[in-house]
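Q: Here is a sequence together with a model predicted from it:
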Amino acid sequence: MFNEILKKLMAEKNISNYRLAKDISVSNSTIANWLNGTAHPNNERLQKLSDYFAVPVDYLLGKTDIKNKPAENGGLTELEQKLLDTFRSLSETQQKALLYDLLNSDKK
């Protein structure tokens with residue numbers, strides 16, 4: 001169940017195994033093992049995944065269908081989530097260029 005949910009979240013956000021591994025500081029083989037169901041993340045890594053995808057841990061574990069974290073627990077608004085999803089879909093070079101443009105827009 002966890003592996004299917006992880007696959008779905010990665011597909012929805014257009015995140016590669018490599019990108020996810022790099023972003024949450026695990027190996028590519030760890031992500032591969034999670035995706036093929038031969039291993040499961042420990043509690044610390046579940047929390048990293050929860051924060052990364054902005055979903056509750058219970059959603060990752062298939063215990064709930066509620067995908068959005070409550071705002072009082074650091075969840076994102078719909079607009080913030082859309083912005084984050086869009087940003088994550090960009091290459092690292094595109095992300096850096098976008099951040100540069102945003103941070104320097106008042107100087108133009």
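A: Okay, I see it.
Q: Residue 33: neighbour count?
A: Other residues near residue 33 come to 16 when the count uses other CB atoms under 10 Å. Just so you know, the C-beta spots here come from the backbone N, C-alpha and C atoms, and that holds for glycine as well.
Q: That one: what's it in contact with?
A: residue 39 (CB atoms under 8 Å, 6 or more residues apart in numbering).
Q: Please tell me how far it sits from residue 17.
A: Noted for residue 33: a distance of 11 Å to residue 17, by CB to CB, to the nearest Å.
Q: who's in contact with the worst-scoring helix or strand of the chain on mean pLDDT?
A: Every helix and strand of the chain was ranked by mean pLDDT, DSSP states H and E. The lowest is helix 78-89, at a mean of 81. Identification of contacts with helix 78-89 by CB under 8 Å, 6+ apart yields 12, 13, 14, 15, 19, 54, 68, 76, 95, 98.
Q: Can you report how many residues neighbour the nearest residue to the first one once chain neighbours are set aside?
A: Looking back up the chat, that one is residue 12. Excluding its sequence neighbours, the residue lying closest to residue 12 (CB to CB, 6 or more residues apart in numbering) is residue 85, at 7.7 Å. Using other CB under 10 Å, the number of residues around residue 85 comes to 16.
Q: pLDDT below threshold where in this protein?
A: Applying pLDDT under 70 to the chain flags the ranges 68-77, 107-108.
Q: can you map out the helices along it?
A: Secondary structure of the chain (DSSP state H): helices at 2-12, 17-24, 28-36, 43-53, 57-60, 78-89, 92-103.
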